[in-house]
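Peer 1: Here you go, sequence then predicted model.
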Amino acid sequence: MVGFAIVRGADEGLVHRAAWHCRFGAFVYTALPQRESNTRRLTVQTLIFLHDRLATTMTLYTLFLGVWGLYKYVRGEGLDGNYLGAVIVAEVLILVQALLGFALFGGGLRPARLVHILYGIMAVISFPATYAYTRGDDSRRVMLIWGLVGLFVFGLAVRAQMVQGAL
């Protein structure tokens, strides 16, 4: 559940808005012009809600990718199209998550700690960098790399939520 509080600040021309995520206690504070429309407030609430839910989805999905990759490695299997298709789905999910975060940032909301953005950037580039590193190879060793990268991105997602105050 997302909540907003409008608080009159010391500045005459500004109304300070505090936004927080009630379930996790994440807190973001920013100053906005006094006349904020209900439509804008609803849009920001929707973006925060989607960003939060996609973070949970991304966390669980990358955990699944990491475990699946290690399982395939233990079974002696190599990289195949099924796994790469799942990685593409994960990358699209991560990019949508990043775009929502960018929209929130552009709208004046800031993460509790800016290292949250660094974790997001690392998550965006991890799978493409792995593809560039292992391009054309479908051996068992490459499957281990992909599984570990999936767990690495899972760790990035968990850590990003931790520094935001969501966990």
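Peer 2: The structure has been received and is ready for your questions.
Peer 1: pLDDT wise, what is residue 11 at?
Peer 2: Note on residue 11: pLDDT of 40.
Peer 1: State the next helix or strand along the chain beyond the strand or helix carrying residue 66.
Peer 2: Residue 66 belongs to helix 38-74 when elements are defined using DSSP states H and E. Per DSSP H and E, helix 38-74 leads on to helix 81-106 as the next helix or strand towards the C-terminus.
Peer 1: tell me which residues in that following helix are buried?
Peer 2: For helix 81-106, the neighbour count (16 or more other CB atoms under 10 Å) marks 83, 86, 87, 90, 91, 93, 94, 97, 98, 100, 101, 104 as buried. From N, CA and C alone the C-beta is placed, and that goes for glycine too.
Peer 1: With stretch 115-132 instead?
Peer 2: Under the neighbour-count criterion of 16+ other CB under 10 Å, stretch 115-132 has 116, 117, 119, 120, 122, 123, 124, 126, 127, 130, 131 buried.
Peer 1: to the chain's geometric centre, what's the distance from that stretch?
Peer 2: 10 Å (CA atoms, centre = their mean, to the nearest Å).
Peer 1: least trustworthy helix or strand in this protein by mean pLDDT?
Peer 2: Least confident helix or strand, the chain: strand 2-8 with a mean of 38, by mean pLDDT, DSSP states H and E.
Peer 1: quick one: the residue nearest to residue 50 when sequence neighbours are not counted from residue 123, how far?
Peer 2: The spatial neighbour of residue 50 that comes closest, neighbours along the chain excluded (CB to CB, 6 or more residues apart in numbering), is residue 100 at 5.6 Å. Distance from residue 100 to residue 123, counting by CB to CB, to the nearest Å: 13 Å.
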